[in-house]
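**Q** below is the structure, and that's it, no one-letter string:
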C-alpha cells in the first residue's frame with residue numbers, strides 16, 4: 001500500500017482508495033476507485049503530503065483514558081528532512097513513536113493502571129494480573145488525527161508495549 005510502482009494501488013491502476021478502520025461491529029476494509037466515498041458516519045483524516053512512498057497521517061495528540069498527553073504537535077509531525085511523523089501501514093503491528101511521546105504514553109499507562117509493574121524479558125512495560133483478570137480496567141488509548149479520532153476498544157483486557165527499532169505500542 002505504498003506509493004511506488006509495485007504497490008497494490010499502482011498495479012491495479014486505481015487513482016483513489018480508502019482504508020477504513022472500525023472498532024465496533026461495522027465493516028472495515030479497503031476500497032478502490034469510485035467506491036471510496038466514506039459513509040456519512042465516518043470520520044476521515046487526510047494523508048500528509050510527503051516525498052516518501054509511505055502514507056503519513058497528521059497525528060495531533062494521544063490520550064490515555066481521559067488524559068490528553070502534553071505532547072507538542074511538533075514532536076508528532078513529519079519533519080522536512082523526512083523523520084518523525086506517523087505512517088499508516090496495514091502490514092505492521094506496531095506504531096512507531098518518537099522517544100518523548102513514547103515515554104509519556106508509558107508513564108500515563110503506569111499512572112492509570114491499578115496493577116504492579118513487573119519485568120518481563122523483551123518487554124518494556126508489563127503489569128502483573130490478578131488470578132481473575134476479568135475486573136481489570138485498562139484505560140482507553142486514543143490517537144487524535146486531523147479530523148478524526150481512533151480510540152481502542154474499552155473491552156481490551158491485555159496491553160503490551162515493546163520497543164522495536166525505536167518505540168512502539170500495541171493494544
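**A** Arrived safely. Quantities reported herein were computed from a predicted structural model and do not represent experimental measurements. Numbering: from 1, shown residues only.
**Q** which pLDDT value goes with residue 109?
**A** Model confidence at residue 109, given as pLDDT, is 90.
**Q** pretty sure it sits against residue 126.
**A** No: checked against Cβ atoms under 8 Å, the pair residue 109 and residue 126 is beyond contact range at 10.7 Å. C-beta here means a position set from N, CA and C on the backbone, and glycine is covered the same way.
**Q** who's more crowded, those two?
**A** residue 109 (21 against 18; other Cβ atoms under 10 Å).
**Q** re earlier: now for residue 109 and residue 126: what residues contact both?
**A** Common contact partners of residue 109 and residue 126 (Cβ atoms under 8 Å, 6 or more residues apart in numbering): none.
**Q** quickly list the domain ranges of the protein.
**A** Taking the TED database as the domain assignment, the ranges for the chain are 1-37, 41-152.
**Q** partners of the nearest residue to residue 120 once chain neighbours are set aside in the sheet?
**A** Nearest residue to residue 120 in three dimensions, chain neighbours excluded: residue 126, at 4.3 Å (Cβ to Cβ, 6 or more residues apart in numbering). Beta-bridge pairing of residue 126, defined through DSSP bridges, involves residue 118.
**Q** what about residue 126, distance to residue 55?
**A** The gap separating residue 126 from residue 55 is 31 Å, by Cβ to Cβ, to the nearest Å.
**Q** do residue 96 as well
**A** Remark: distance between residue 96 and residue 55 (Cβ to Cβ) = 14 Å.
**Q** same question for residue 109.
**A** Counting by Cβ to Cβ - residue 109 and residue 55 are separated by 27 Å.
**Q** quick one: residues contacting residue 145.
**A** Applying Cβ under 8 Å, 6+ apart to residue 145 gives the contacts 45, 57, 58, 59, 60.
**Q** and the nearest residue to the first one once chain neighbours are set aside, bridged to which residues?
**A** Sequence neighbours aside, residue 145 is the residue nearest to residue 45 in space, at 3.9 Å (criterion: Cβ to Cβ, 6+ apart). When bridges are assigned using DSSP bridges, the partners listed for residue 145 are residue 59, residue 148.
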